[in-house]
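*Asks:* give me coordinates for this.
(2 chains)
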2 protein chains.
Amino acid sequence: MLPYNIHHVAIAVPDLEATLEVFSALFNVRPISREVVEEQGVREAMIAIGGSHLQLLEPLTDDAPVARFLARRGEGLHHIAFAVPDIEAALDHLRAGGARLIDDSPRRGGGGHRIAFVHPSAVAGTLIELVEIDHA
Amino acid sequence: MLPYNIHHVAIAVPDLEATLEVFSALFNVRPISREVVEEQGVREAMIAIGGSHLQLLEPLTDDAPVARFLARRGEGLHHIAFAVPDIEAALDHLRAGGARLIDDSPRRGGGGHRIAFVHPSAVAGTLIELVEIDHA
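*Replies:* Down below sits the predicted model:
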């Protein structure tokens, strides 16, 4: 059960395209997708690196959670996402372990995947996302 | 050239063993190594997840850089590390691109790998480590 991969590492940035240019120039990596996820108030881009991804998050509005993160902490690392084969089972396991969940049940995230967030207070001050990825 | 994998995602924590217990209980993941890296003033543990790792960092002393990070930001995401096949070539490329480097030349890090850090001001407010991994 539980995570079989670090699906992505997310970085909050004020200007997604400018940051993509920096990654391209310095690290020779380019986005494999760009997407607006209205529900989360972000424009996002995914950069594939090996078997994982960097995800860049730019807020769509000043009151989006990512905008508040940028105002409070500045640009930088925002969350990590674990790929899980069965997100309901993962959430049940986390609940049974007493972890505080942001999402009690899965919702749709980028790429159409079912996702859920675990509160940073549950694990090492780190915002953790679960992403259901069915490799079957 | 340049990164072919996200080698690890590092999390700064005040108590490495307690955090390992949380990861074990909630995510069923366990460390594959524990190590003291005196030069960086840290005790570290690596947890393998898929083709990448989580690295937990606990400061050895109150004046270690990771201790200062914890005092300033609290526990949480600290840096990401890219695996590169040739760290001198990567540093040359970054220098040519105008990136501010913390380490002008490689030094020894955990696992005996040659590593170097890139300053967060270079890329998206994110501390990036290069780790030379020779798969040949």
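
*Asks:* which residues of chain A fall in helices?
*Replies:* Secondary structure of chain A by DSSP state H: the helices cover A:16-27, A:65-73, A:87-96.

*Asks:* could you dump the ones you listed into JSON lines and include mean neighbour count?
*Replies:* For glycine as for every other residue, the C-beta is placed from the backbone atoms N, C-alpha and C. Output for the helices of chain A, formatted as JSON lines (neighbours: other Cβ atoms under 10 Å in any protein chain shown):
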{"stretch": "helix A:16-27", "mean neighbour count": "17"}
{"stretch": "helix A:65-73", "mean neighbour count": "15"}
{"stretch": "helix A:87-96", "mean neighbour count": "16"}
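
*Asks:* and of those helices, who's closest to residue B:45?
*Replies:* Nearest to residue B:45 among the helices of chain A is helix A:87-96 (21.0 Å), distances taken as Cβ to Cβ.

*Asks:* pairing partners for the helix or strand of chain A with the lowest mean pLDDT, with directions?
*Replies:* The helix or strand of chain A with the poorest confidence is strand A:107-108; it has a mean of 92 (mean pLDDT, DSSP states H and E). Here strand A:107-108 is paired, per DSSP bridges, with strand A:114-118 (antiparallel).

*Asks:* C-alpha coordinates for the partner strand, PDB please?
*Replies:* Extracted in PDB, the C-alpha atoms of strand A:114-118 (Å, rounded to 0.1, in the frame of the first residue of the first chain):
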ATOM      1  CA  ARG A 114      -7.800  12.100  -7.600                       C
ATOM      2  CA  ILE A 115      -5.800  13.900  -4.900                       C
ATOM      3  CA  ALA A 116      -6.000  14.700  -1.200                       C
ATOM      4  CA  PHE A 117      -3.800  16.800   1.100                       C
ATOM      5  CA  VAL A 118      -2.500  15.800   4.500                       C
END
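
*Asks:* any idea how far residue A:66 lies from residue A:37?
*Replies:* 10 Å (Cβ to Cβ, to the nearest Å).

*Asks:* now do residue A:70
*Replies:* Residue A:70 is 16 Å from residue A:37, by Cβ to Cβ.

*Asks:* and what of residue A:126?
*Replies:* From residue A:126 to residue A:37 the distance is 21 Å (Cβ to Cβ).

*Asks:* these two: which is more packed in?
*Replies:* residue A:126 (23 against 16; other Cβ atoms under 10 Å in any protein chain shown).

*Asks:* hmm, who's touching the least confident helix or strand of chain A?
*Replies:* With contact meaning Cβ atoms under 8 Å, 6 or more residues apart in numbering or on different chains, strand A:107-108 is reached by A:39, A:114-116.

*Asks:* residue A:8: which of those is nearest?
*Replies:* For the contacts of strand A:107-108, the residue nearest residue A:8 by Cβ to Cβ is residue A:115; the value is 10.8 Å.

*Asks:* that closest one reaches residue A:84, doesn't it?
*Replies:* No: with contacts counted by Cβ atoms under 8 Å, residue A:115 stays clear of residue A:84, the gap being 9.9 Å.

*Asks:* intersection of neighbour lists for the two?
*Replies:* A:130-132.

*Asks:* in terms of distance to chain B, which of the residues you listed ranks first?
*Replies:* Nearest to chain B out of the shared contacts of residue A:115 and residue A:84 is residue A:130 (Cβ to the nearest Cβ; 9.8 Å).

*Asks:* in stretch A:79-88, which residues are buried?
*Replies:* Of the residues in stretch A:79-88, A:79-84, A:87 count as buried by neighbour count, 16 or more other Cβ atoms under 10 Å in any protein chain shown.

*Asks:* that one near chain B anywhere?
*Replies:* Yes: for stretch A:79-88, a contact with chain B is found by Cβ under 8 Å from any Cβ of the partner chain, at A:79-80, A:82-83.

*Asks:* residues making contact with that stretch?
*Replies:* A:1-10, A:55, A:90, A:105-106, A:114-117, A:126-135, B:9, B:27, B:49-50, B:54, B:77.

*Asks:* of these, select the buried ones using a ChimeraX command.
*Replies:* Filtering the contacts of stretch A:79-88 down to the buried ones (16+ other Cβ under 10 Å) takes a single ChimeraX command:
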select /A:2,3,4,5,6,7,8,9,10,55,90,106,114,115,116,117,126,127,128,129,130,131,132,133 /B:9,27,49,54,77
